[in-house]
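Pasting the sequence and the predicted model now:
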Amino acid sequence: MEKFNSQSKKRKRPGDREIGKVTSLPVNKQSPEVQRVGQEDLEKLQDDELRKDLELLARMREQIEQLPEIDAARIVQLHDRIMRGEYQINGKRLAQKLDSFEADFQDPSSN
């Protein structure tokens with residue numbers, strides 16, 4: 001019986017895989033879409049993508065520049081007051097700010 005077990009361990013079955021063995025894979029350096037277009041078309045596609053990326057970056061830069069300045073010293077001061085339990089919340093002022101914030105999102109055509 002022992003002989004049978006040792007032989008069965010050595011035999012490979014058709015579905016067995018060897019660890020680290022790489023099977024043959026098709027190597028396709030360019031996608032089928034790229035293969036169909038010529039070099040000039042490929043360059044035009046790349047130029048269009050680059051142009052779109054540059055436009056997106058320009059819009060992002062404009063939005064960043066419109067953000068208000070951050071007063072880091074004030075943030076640290078408020079953080080310290082909150083941590084010491086000295087910061088008091090004005091409930092009425094908070095409610096007014098929330099109401100104003102929500103009003104900014106209302107559809108003007110619904111009024």
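All right, it came through fine. Numbers count the residues shown, from 1 in each chain.

Show me the contact partners of stretch 83-94.
78, 81 (CB atoms under 8 Å, 6 or more residues apart in numbering). (Each C-beta comes from the backbone N, C-alpha and C, glycine too.)

mind saving the C-alpha coords of it as PDB?
The C-alpha trace of stretch 83-94 is given here as PDB (Å, rounded to 0.1, in the frame of the first residue of the first chain):
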ATOM      1  CA  MET A  83      -9.300  70.600  22.900                       C
ATOM      2  CA  ARG A  84      -9.400  72.600  26.100                       C
ATOM      3  CA  GLY A  85     -13.200  72.700  26.000                       C
ATOM      4  CA  GLU A  86     -13.200  76.500  25.700                       C
ATOM      5  CA  TYR A  87     -15.000  76.800  22.400                       C
ATOM      6  CA  GLN A  88     -18.700  77.600  22.600                       C
ATOM      7  CA  ILE A  89     -21.000  77.000  19.700                       C
ATOM      8  CA  ASN A  90     -23.600  79.700  19.000                       C
ATOM      9  CA  GLY A  91     -26.700  77.600  18.100                       C
ATOM     10  CA  LYS A  92     -28.600  80.400  16.400                       C
ATOM     11  CA  ARG A  93     -25.700  81.500  14.300                       C
ATOM     12  CA  LEU A  94     -25.100  77.800  13.300                       C
END
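
buried residues in it?
Of all the residues in stretch 83-94, not one is buried under the rule 16 or more other CB atoms under 10 Å.

State the mean pLDDT of it.
Taken as a whole, stretch 83-94 has a mean pLDDT of 92.

Could you do stretch 104-111 as well?
Rounded mean pLDDT across stretch 104-111 is 63.

Kindly report the same for stretch 48-64.
91.

Go ahead and produce CSV holding the CA coordinates of it.
Coordinates of each C-alpha in stretch 48-64 appear next as CSV, following Å, rounded to 0.1, in the frame of the first residue of the first chain:
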residue,chain,number,x,y,z
ASP,A,48,-6.1,65.1,-28.6
GLU,A,49,-5.6,63.3,-25.3
LEU,A,50,-2.8,65.7,-24.3
ARG,A,51,-4.9,68.7,-25.2
LYS,A,52,-7.8,67.3,-23.1
ASP,A,53,-5.5,66.7,-20.2
LEU,A,54,-4.1,70.2,-20.4
GLU,A,55,-7.6,71.7,-20.5
LEU,A,56,-8.6,69.7,-17.5
LEU,A,57,-5.5,70.9,-15.6
ALA,A,58,-6.2,74.5,-16.5
ARG,A,59,-9.8,74.3,-15.2
MET,A,60,-8.5,72.6,-12.0
ARG,A,61,-6.0,75.4,-11.5
GLU,A,62,-8.7,78.1,-12.0
GLN,A,63,-10.8,76.3,-9.3
ILE,A,64,-7.9,76.1,-6.9
